[in-house]
Each structure stands twice: as C-alpha cells, then as structure tokens.
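Student: Give me a model of this one.
(one chain, ligands or ions: 3)
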Amino acid sequence: MNAASQGVSSEGCRLYLITPPRLDPATFRDRLAEALDAGDVACLQLRLKDAAQDEIKRAVEVLMPIAQARDVAFILNDDAKLAHALGCDGAHLGQTDGDHEGARKLLKDRILGITCHASRHLAMEAGELGADYVAFGAFFPTDTKETVHTAGTDLLEWWSEMMEIPCVAIGGITAANCAPLVRAGADFLAVVGAVWNHPEGPAAGVRAMNAATVRM
Ligand SMILES: Cc1ncc(COP(=O)(O)OP(=O)(O)O)c(N)n1
Ligand SMILES: Cc1nc(C(=O)O)sc1CCOP(=O)(O)O
Ligand SMILES: [Mg+2]
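Tutor: Residues are numbered from 1 along each chain as shown. Ligands and ions are numbered 1, 2, ... in the order given. Presented below is the predicted three-dimensional model:
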C-alpha cells in the first residue's frame, strides 16, 4: 500500500482482506458490503483462482465500486496488466506471476505488492524494484491454499526494524493467533478464512480482526 494514499501509519496494523477463491459477484456483493461496513479494512484483494478473464472482469465491475466507495483500495491478484486495464488500485504478484519490473513501470503510482514467502532475499529484491509492500507467509496452517513455505515472526521483526516498506503477513491468520504477528511489526494482516468463514458471519470476522490488531 502506498502509505500516504491509504492513510497507513507505521504504528498501526491493519486488515488486508482477500476474497474467497470462488464467488458469484451477484450474491457476494452484499456479503462484501456487510464486511467492509463492519470496521477498518485497508484493502480488498480480488483473488479468483482458476477463473476465466471474463469472470474476473465481471467480478471487478461489481465489487470494485463497493470497495472504492468505502475508501478501501481494490487490488487484483496475479495480473498487473488486467489490474491496470480495469482501473484497479493495484495488483498483487507472486514469484511466478510475470514480470515484476514491467508491472512496476505499468502500474506507476498504483499499488504493487509482491509475495516473498519466507525469504529476506526476495523481500529485498521486491523492495529494490519499488514494491509498495512485501508479503510474508504462511505463518499458520491454512485450508485456503496449499502451504509450501512457512514464515516466522523473526522475519517480520527483522523487516520492520530494517525497512520502511510495509510488510503483510498471510496464511492461517485469525483473531485468536495474530497477536505475535502484530507485536513483531506486521503492517497488515491478510486473511481469507478468518473473515469469510467466521461462524457469526463476515462482519463479526472483521470486528474480531480489528479488535485483535490493536498494537499494545
Ligand atoms: C497479500 C498476499 N500475500 C501473498 C499472496 C500469495 O500470492 P501467490 O504466491 O502469487 O499465490 P496466489 O495467491 O496467486 O495463489 C497473496 N495472494 N496475497
Ligand atoms: C493466498 C495465500 N497466500 C499464502 C502465502 O503463504 O503466500 S497463504 C494464503 C491463504 C490465506 O488464506 P487464509 O487467511 O484463509 O489462511
Ligand atoms: Mg499469484
């Protein structure tokens, strides 16, 4: 996230919400509005895995205005060109999601986030090429995605002491387990299940995450 444009302070730890991997925009729109109206959400990442481009475009058309109307940055996963073409606020790219340098040039002052797994080296590379944030994970077991890399709080501590660029923690994060990540210096906690699978619904999920991310 661009710290200035998104009102991000280095003192706070904010919620970075990611959509479920499959959704029907026509029905999901109300759940999304309910979640975003429940508390503080810094950004929403549209992460539709295995979806055709038409399906992603339709989801952006329906969901982006809901986020942007609430000052929630709308970030598209995996595809910087599509993010640019559709007017998204930014893109999130993994290590195999195309040309990071080209994406940085294309997105100019829009947000570019890069997955760095548990690697200091990848994070420094991402920082050098101008990423707006680096993402580390997975911190905990997750049902949302197969875990290949696991990260520890030492990485967050090191990064936040050494670097100005915000860091995002991801992977199995819930209100119940996130306190060490907040203490270690995570600027954002990215979650899917903690909100969309919350037993009392997504609004309760956002409220619980907000309550848990207050840095002591
Ligand atoms: C905030 C954030 N961090 C990490 C990821 C994972 O990206 P990637 O490694 O490209 O995996 P997929 O999400 O594409 O399956 C992310 N999406 N968001
Ligand atoms: C999309 C994603 N990327 C990860 C990584 O480690 O890079 S973990 C993950 C899934 C996050 O979902 P949940 O909050 O439900 O665990
Ligand atoms: Mg990806």
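Student: Tell me who's in contact with whichever residue of the chain sits closest to ligand 3.
Tutor: Proximity of the chain to ligand 3 (CB to the ion) peaks at G94, 3.3 Å away. C-beta coordinates here come from the backbone N, C-alpha and C atoms, glycine included. Going by CB atoms under 8 Å, 6 or more residues apart in numbering, G94 touches 78, 114-115.
Student: Which of the residues you listed fall in strands?
Tutor: If you go by DSSP state E, the contacts of G94 have 114-115 in strands.
Student: Nearest to ligand 2 among the contacts of G94?
Tutor: Ligand 2 lies nearest to T115 out of these, by CB to the nearest ligand atom, at 5.2 Å.
Student: wait, what's in contact with the closest one?
Tutor: Neighbour list for T115: 92-95, 122, 135, 137 [criterion: CB under 8 Å, 6+ apart].
Student: same check, this time on F74
Tutor: 43-44, 46, 60, 63-64, 67-68, 88-90.
Student: in its sheet, what does the helix or strand in which it is found sit against?
Tutor: Element membership of F74, judged by DSSP states H and E, is strand 73-77. Sheet pairing of strand 73-77 (DSSP bridges) gives strand 43-46 (parallel), strand 90-93 (parallel).
Student: Next one: it, is it in contact with ligand 2?
Tutor: No. Judged by CB under 6 Å from any ligand atom, strand 73-77 stays clear of ligand 2, getting no closer than 8.0 Å.
Student: Of the contacts of G94, which ones also sit close to ligand 3?
Tutor: Contacts with ligand 3 within the contacts of G94, counted by CB under 5 Å from the ion: D78.
Student: can you tell me if the helix or strand harbouring G205 touches ligand 2.
Tutor: Element membership of G205 [criterion: DSSP H and E] is helix 202-212. No. Helix 202-212 lies out of reach of ligand 2 by CB under 6 Å from any ligand atom, never closer than 10.2 Å.
Student: That helix: which residues count as buried?
Tutor: Using 16 or more other CB atoms under 10 Å as the test for burial, helix 202-212 gives 202-210, 212.
Student: how near is D71 to L36?
Tutor: Using CB to CB, to the nearest Å, D71 is found at 10 Å from L36.
Student: What of A211?
Tutor: 17 Å.
Student: Same check on R110?
Tutor: Counting by CB to CB, the separation of R110 from L36 is 20 Å.
Student: that older thread, and which of the contacts of F74 is nearest ligand 2?
Tutor: L46 (12.0 Å).
Student: The closest one reaches R58, doesn't it?
Tutor: No. Contact criterion CB atoms under 8 Å: L46 and R58 do not qualify, at 10.9 Å.
Student: neighbour-wise, which of the two wins?
Tutor: L46 (24 against 15; other CB atoms under 10 Å).
Student: Let's see the pLDDT reported for that one.
Tutor: pLDDT recorded at L46 is 98.
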